[in-house]
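Chemist: Predicted structure and sequence below. I'll ask about it afterward.
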Amino acid sequence: MNEVFKIIPAPAKALWLIGLFALIMAAVIGLMGYIAYSSRHIQVELSNTELHIKGGLYGRSIPITSLIVNQSQKVDINRGSAYQPTRRSNGTSLPGYHSGWFKLRNGEKALLFVTQSRDVVYLPTTDGYSLLMSVQEPDKFLRSLNSPNI
């Protein structure tokens with residue numbers, strides 16, 4: 001003769017914990033997907049009044065009056081460069097994609113939108129940080145930035 005004895009069911013707290021963990025994992029996967037998408041779809045729009053960085057977690061609008069245009073230049077941020085990011089304070093740092101707030105080798109605070117280390121546009125601001133951006137046509141961007149219409 002076999003007798004069957006059931007285990008007392010786990011309290012609902014265990015199910016809530018599993019649900020919370022699943023929700024957190026879904027949010028992390030969604031965030032990673034958004035970062036992957038934005039790494040290939042960020043745009044920089046330049047107008048007479050502002051520089052607008054569209055997309056990504058760190059996109060923003062910066063008034064033209066906050067840009068120090070006469071110090072803008074094309075730089076190489078490879079190892080040993082004064083503009084090389086050395087410490088991330090809040091951002092994403094993946095192979096081939098750096099986005100967010102970093103400290104540079106020269107001590108500056110910088111907001112990066114960088115996908116390659118050569119021909120990066122360096123653009124200081126009056127707000128205590130610099131921008132480093134991998135725009136597709138850096139020379140054309142710098143000419144537009146320095147044009148009298150801006």
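Modeler: Received, thanks.
Chemist: contacts, neighbours, all on C-alpha from now
Modeler: OK.
Chemist: If we go by neighbour counts, what in stretch 61-68 is buried?
Modeler: 62, 64, 67 (16 or more other CA atoms under 10 Å).
Chemist: Show the model's pLDDT score for the first one.
Modeler: If I follow you right, that is Ile62. Looking at Ile62, its pLDDT stands at 97.
Chemist: packing partners for the strand or helix carrying it?
Modeler: Assigned by DSSP states H and E, Ile62 falls within strand 60-63. Other helices and strands packing on strand 60-63, by 3 or more CA pairs under 8 Å, 6 or more residues apart in numbering; DSSP states H and E, are strand 50-54.
Chemist: roughly how far out does the strand it packs on sit from the chain middle?
Modeler: Centre-to-centre, strand 50-54 and its host chain are 14 Å apart (CA atoms, centre = their mean, to the nearest Å).
Chemist: what's it in contact with?
Modeler: 42-46, 59-65 (CA atoms under 8 Å, 6 or more residues apart in numbering).
Chemist: who touches the residue nearest the centre of the chain in this structure?
Modeler: Nearest residue to the geometric centre of the chain (CA atoms, centre = their mean): Ser99, 2.3 Å. Residues near Ser99 by CA under 8 Å, 6+ apart: 58, 91-93, 111-114.
Chemist: can you pull out the helices in this protein?
Modeler: Applying DSSP state H to the chain gives helices spanning 12-38, 138-146.
Chemist: so which of the ones you listed is the most packed in?
Modeler: Scoring the helices of the chain by mean neighbour count under mean count of other CA atoms under 10 Å gives helix 138-146 as the most buried, with a mean of 15.
Chemist: Tell me the strands beside the strand holding Ile62, with direction?
Modeler: Sheet pairing for strand 60-63, assigned by DSSP bridges, gives strand 50-54 (antiparallel).
Chemist: Columns distance to Ala82 and mean pLDDT on top of the helices of the chain, output as TSV?
Modeler: TSV is the format used below for those (distance: least, CA to CA, whole Å; pLDDT from 0 to 100):
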stretch	distance to Ala82	mean pLDDT
helix 12-38	27	91
helix 138-146	19	94
